[in-house]
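K.L.:
make a model of this:
(4 chains)
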Protein chains: 2
Amino acid sequence: MTPDADNAPTAEMPAVEATAEPEAVRAKSIPEAAVARLAVYLRVLSGLAEQGSTTISSEELSQAAGVNSAKLRKDLSYLGSYGTRGVGYDVQVLVSQIERILGLTRKHKVAVVGIGNLGHALANYGGFPGRGFPVEALFDLDPDLVGVPVGGLPVSHLDEIPKVCAERQISIGVIATPPTAAQSVCDRLVAGGVQCILNFAPVVLQVPAHIEVRKVDLAVELQILSFHVARRADLAANGNGGADGGPGGADNGSVNGHGNGMVVR
Amino acid sequence: MTPDADNAPTAEMPAVEATAEPEAVRAKSIPEAAVARLAVYLRVLSGLAEQGSTTISSEELSQAAGVNSAKLRKDLSYLGSYGTRGVGYDVQVLVSQIERILGLTRKHKVAVVGIGNLGHALANYGGFPGRGFPVEALFDLDPDLVGVPVGGLPVSHLDEIPKVCAERQISIGVIATPPTAAQSVCDRLVAGGVQCILNFAPVVLQVPAHIEVRKVDLAVELQILSFHVARRADLAANGNGGADGGPGGADNGSVNGHGNGMVVR
DNA sequence: GCATGTGAAATGCTTCACAGCC
DNA sequence: GGCTGTGAAGCATTTCACATGC
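P.N.:
Numbering: from 1, shown residues only, chains lettered A, B, ... in the order given. As a prediction, this is how the structure comes out:
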């Protein structure tokens, strides 16, 4: 995962205060794990909407999203009650509600730092996934790159990070630099006022408490896969006594869960 | 995080039983979340080793890895008892033990499918992170790319996936194609005998139960960050009256705070 | 009848706190 | 005195199972 799912959201906010909320109190504190899945549901639902579906049951949607239906319903219940018993959910309504919860009704400007192979790929992502995340600044250290437009946007120097980020109101910084530069880049992004960082560099960043960091770590992902290969080999080697019946049989229940995550980390 | 985690031996293991295991039973079933962190510790430790450190305490290592020390010790305890009370851990010993558990003592051949921006980045990663994951096959649909060497390896056509993967004993397939092609590529990788898949395409793959899948989903990561920005904005907007004192303050200490500040994220 | 929504149970993960050992 | 290793407590997430309402 999501990988990752580390993160300690804390923030409980028990009863909130007196100020009676006139309406839905929202901020009900929705589990981090559920948030990640909502993003997946959103993509599936958008696809369905384009194909003309208007309603869908939890069973169908859960299949398409690779989770079980109970989990899906629980996740959707965090949004409020937007289904119809005996029928299912209205696709458009779910799309809107998930977008609302995820804060996608507003744009989040992105800066990409480190225009190497990966940075290029990110900068060219065509406005970044699903709209709402326009790339509005690019940075690199290399003098040969500074000034050159990549994906229609000129590259600025690392030193400009704080100034440019502040000016353009960047809210998300993406770090795609070599590991040695990452912490320093991170500090400058924070100085520039970004609120969140998506880190592709294989280092653990130190950040102030109010900055949200997510990391995407290729080496870690591969090593997790390696672990599973090894474990499977172990089991096959000495795990089961005779019987069995070749691979695949193994049984072990494990439903088809599948899943994953994240990244998650 | 990957759910799956089915453990073979079910229950605990209160005492020995029936089929006496001749030796250490290893397969102790280590939590998925811990596996991901072990990979991080490994990187930190490798760095330390290169700088000449020979021992380290749980406190220091946990700081460097961005977790708290209790968690770190618990994680390391899954490896066995390799620390020295009153002293700390031997860096080299930990490195070896983590490598053993993660199955890094053996190579895992990788195939990259989809040689676009991202695929290029991956193919050029210079043998892939930290050794042990050699890229040994590249695939794309584009006739202009087939046959062209990328990072020293010629690109083959998608149709060759099953054959080439089987021949070269590829164990990990990396999908870096557009979403529409991903499921079909996945099926071919499975046909070619790969055991694990790392999926960069924004789709939920359907795979047989014995295949391990991890996904890296840029859109999901950004949307999770968006959620946190939104939540924070919400809190700031109606959470607390004036006072405050800038962002970050909020916190609202979850009551029992409990010392232990801990930097963490 | 059928599918949602949700308390409650089960499972899994993290944190605490301290015994054990150097 | 310091630091590891770990049972037990505390939380978080997932799953169950069924009342609820269309």
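K.L.:
mind checking how far the residue positioned nearest the centre of chain A is from A:Gly152?
P.N.:
Centroid-nearest residue in chain A, with C-alpha atoms, centre = their mean: A:Ala36, separated by 6.0 Å. Computed with C-beta to C-beta, to the nearest Å, the distance linking A:Ala36 and A:Gly152 is 31 Å. Heads up, the C-betas are built off the backbone N, CA and C, glycines and all.
K.L.:
whatever residue of the stretch 51-200 of chain A ends up closest to chain B: neighbour count?
P.N.:
Chain B sits closest to A:Gly103 of the stretch 51-200 of chain A, with a gap of 2.6 Å, by C-beta to the nearest C-beta. For A:Gly103, the tally of surrounding residues (other C-beta atoms under 10 Å in any protein chain shown) stands at 20.
K.L.:
tell me where the model's unsure across chain A.
P.N.:
A:1-28, A:126-130, A:238-265 (pLDDT under 70).
K.L.:
same thing but 90
P.N.:
Filtered on pLDDT under 90, chain A yields the residue ranges A:1-29, A:117, A:121, A:123-132, A:151, A:232-265.
K.L.:
please, where are all the helices along it?
P.N.:
Along chain A, the segments classed as helices by DSSP state H run A:32-50, A:58-65, A:69-77, A:91-102, A:117-123, A:161-168, A:179-191, A:218-234.
K.L.:
could I get those as CSV with distance to DNA strand C?
P.N.:
Shown next, in CSV, are those (distance: least, C-beta to the nearest atom of the strand, whole Å):
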stretch, distance to DNA strand C
helix A:32-50, 10
helix A:58-65, 3
helix A:69-77, 4
helix A:91-102, 9
helix A:117-123, 27
helix A:161-168, 31
helix A:179-191, 22
helix A:218-234, 12
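K.L.:
and these: which comes nearest B:Asp142?
P.N.:
Closest to B:Asp142 of the helices of chain A is helix A:117-123 (C-beta to C-beta; 16.2 Å).
K.L.:
contacting residues for the closest residue to A:Arg37 other than its chain neighbours?
P.N.:
Nearest residue to A:Arg37, sequence neighbours excluded (C-beta to C-beta, 6 or more residues apart in numbering or on different chains): A:Asp75, at 5.5 Å. Going by C-beta atoms under 8 Å, 6 or more residues apart in numbering or on different chains, A:Asp75 touches A:Ala34, A:Arg37, A:Leu38, A:Tyr41, A:Val67.
K.L.:
ok, and the most crowded of these?
P.N.:
A:Leu38 (25 neighbours).
K.L.:
so what's the residue count around the residue lying closest to A:Arg232 once chain neighbours are set aside?
P.N.:
Nearest in space to A:Arg232, with sequence neighbours left out and distances taken as C-beta to C-beta, 6+ apart, is B:Gln195 at 7.1 Å. Number of residues near B:Gln195 (other C-beta under 10 Å) recorded here: 19.
K.L.:
surely B:Gln195 touches B:Ile211?
P.N.:
Yes: counting by C-beta atoms under 8 Å, B:Gln195 does reach B:Ile211; the two are 6.7 Å apart.
K.L.:
got the phi and psi for A:Pro134?
P.N.:
Backbone torsions for A:Pro134, taken as degrees, to the nearest 10, come to phi -70, psi 130.
K.L.:
can you tell me how far it is from B:Pro179?
P.N.:
For A:Pro134 relative to B:Pro179 (C-beta to C-beta), the value is 21 Å.
K.L.:
cool, and A:Val220?
P.N.:
Separation of A:Val220 from B:Pro179 (C-beta to C-beta): 24 Å.
K.L.:
could you do A:Ala201 as well?
P.N.:
Distance from A:Ala201 to B:Pro179, counting by C-beta to C-beta: 26 Å.
K.L.:
what is the neighbour count of A:Asp159?
P.N.:
The number of residues packed near A:Asp159 is 12, by other C-beta under 10 Å.
K.L.:
whoops, A:Gly83 was the one
P.N.:
When neighbours are counted by other C-beta under 10 Å, A:Gly83 comes out with 20.
K.L.:
what is the end-to-end distance of stretch A:122-139?
P.N.:
One end of stretch A:122-139 to the other measures 12 Å (C-alpha to C-alpha, to the nearest Å).
K.L.:
oh, I was asking about stretch A:156-172
P.N.:
By C-alpha to C-alpha, one end of stretch A:156-172 lies 17 Å from the other end.
K.L.:
is it in proximity to chain B?
P.N.:
Yes: Stretch A:156-172 reaches chain B (C-beta under 8 Å from any C-beta of the partner chain) through A:Ser171, A:Ile172.
K.L.:
sort out which residues of that stretch are buried, please.
P.N.:
The neighbour-count check on stretch A:156-172 (16 or more other C-beta atoms under 10 Å in any protein chain shown) flags A:Ser156, A:Leu158, A:Glu160, A:Ile161, A:Pro162, A:Val164, A:Cys165, A:Ile170, A:Ser171, A:Ile172 as buried.
K.L.:
so which residue of chain A comes closest to DNA strand C?
P.N.:
Proximity of chain A to DNA strand C (C-beta to the nearest atom of the strand) peaks at A:Gly83, 2.7 Å away.
K.L.:
and for A:Phe133, the neighbour number?
P.N.:
24.
K.L.:
one more: A:Leu205?
P.N.:
A:Leu205 has 20 neighbouring residues, counting by other C-beta under 10 Å.
K.L.:
apart from its neighbours in sequence, what residue is nearest A:Val44?
P.N.:
Nearest residue to A:Val44, sequence neighbours excluded (C-beta to C-beta, 6+ apart): A:Ala64, at 4.8 Å.
K.L.:
what of A:Ile30?
P.N.:
A:Tyr78 (4.3 Å).
K.L.:
equivalent analysis for A:Ala111, please.
P.N.:
In space, A:Ala111 is closest to A:Ala137, 3.9 Å off (C-beta to C-beta, 6+ apart).
K.L.:
how about A:Asn117?
P.N.:
Nearest one to A:Asn117, counting by C-beta to C-beta, 6+ apart, is B:Ala121 at 3.5 Å.
K.L.:
over to A:Cys196?
P.N.:
Leaving aside its sequence neighbours, A:Cys196 is closest to B:Leu225 (4.0 Å, by C-beta to C-beta, 6+ apart).
K.L.:
so what's the residue count around the one you found?
P.N.:
Counted with other C-beta under 10 Å, B:Leu225 comes out at 26.
K.L.:
need the contact list for it.
P.N.:
Contacts of B:Leu225 by C-beta under 8 Å, 6+ apart are A:His108, A:Ile172, A:Cys196, A:Leu198, A:Glu212, A:Arg214.
K.L.:
surely A:Val204 touches B:Ala39?
P.N.:
No: at 11.7 Å, A:Val204 does not count as touching B:Ala39 under the criterion of C-beta under 8 Å.
K.L.:
sorry, back to before: which one of A:Ala201 and B:Pro179 has more residues nearby?
P.N.:
Using other C-beta under 10 Å as the criterion, A:Ala201 and B:Pro179 rank with A:Ala201 on top: 23 against 14.
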